[in-house]
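# Sequence unavailable; structure follows:
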Ligand code: PNS
């Protein structure tokens with residue numbers, strides 16, 4: 001049986017920490033879906049269309065990485081795609097509490113789906129999309145922390 005994993009998130013924007021987790025997932029599972037949450041309530045910097053385009057471009061040569069969007073409950077999307085695993089990245093202990101809550105809630109909602117936590121390489125453990133946006137908007141350098149394409153797109157936003 002082939003294993004299909006879903007890596008959900010906002011990806012606003014995609015960081016090198018996300019890329020690291022996706023590449024690890026692509027080695028561990030037969031296929032991994034980067035599932036971008038369509039959340040009308042948040043005010044994102046990048047539109048859903050931009051986030052899809054960026055992720056597809058970054059993983060263009062990675063044949064077992066798919067980019068998709070989802071709305072509503074994550075477990076419903078995972079079941080609809082007939083995936084078995086939710087992948088989440090853990091950067092620091094501070095991530096754990098919320099991730100643990102989500103994993104257990106998702107387990108209660110659908111006991112068939114397993115959450116697998118993966119650690120990014122050490123140099124990415126302090127990166128978050130929120131910090132990238134803040135640092136860039138205040139004139140700080142983000143090269144090496146996000147894919148080059150994201151850096152280009154950030155420049156176009158200013
Ligand atoms: O990148 P993020 O913001 O950390 O991702 C959070 C995400 C998208 C994984 C989470 O908000 C989510 O799964 N949202 C979908 C709605 C849902 O299923 N909520 C219950 C989670 S227990």
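Great, that's in hand. Treat the numbers as computed from the prediction; the structure is a model and nothing was measured. Numbers count the residues shown, from 1 in each chain.

# Would you pull up the residue in the chain closest to the ligand?
Closest to the ligand within the chain is residue 9: 3.1 Å, counting by C-beta to the nearest ligand atom. (Glycine included, C-beta is placed from N, CA and C.)

# ok now do that residue, which residues does it touch?
18, 34, 35, 36, 37 (C-beta atoms under 8 Å, 6 or more residues apart in numbering).

# could you flag which of these are buried?
Neighbour counting over the contacts of residue 9 (16 or more other C-beta atoms under 10 Å) leaves 18, 34, 35, 36, 37 as the buried ones.

# Strands - which of those land there?
When the buried ones among the contacts of residue 9 are checked against strands using DSSP state E, the ones located there are 34, 35, 36, 37.

# and the longest helix belonging to the chain, how far from the chain's centre?
Looking across the chain with DSSP state H, the single longest helix is helix 93-109. A distance of 16 Å separates the C-alpha centroid of helix 93-109 from that of its chain, computed with C-alpha atoms, centre = their mean, to the nearest Å.

# May I see the buried residues of that helix?
Under the neighbour-count rule (16+ other C-beta under 10 Å), helix 93-109 has 99, 103, 106 buried.

# Tell me the buried residues in stretch 58-71?
Neighbour count says stretch 58-71 has 58, 59, 64, 65, 66, 67, 70 buried, by 16+ other C-beta under 10 Å.

# what's in contact with that stretch?
Outside stretch 58-71, the residues within contact range by C-beta under 8 Å, 6+ apart are 8, 14, 19, 22-23, 26, 29-39, 48, 52, 55-56, 77, 81, 147, 149.

# go again using 6 Å as the cut-off
For stretch 58-71, contacts defined as C-beta atoms under 6 Å, 6 or more residues apart in numbering pick out 26, 31-36, 38, 48, 52, 55-56, 77, 147.

# Most neighbours among those residues, which one?
Of these, residue 34 is surrounded by the most neighbours, 29 neighbours in total, counting by other C-beta atoms under 10 Å.
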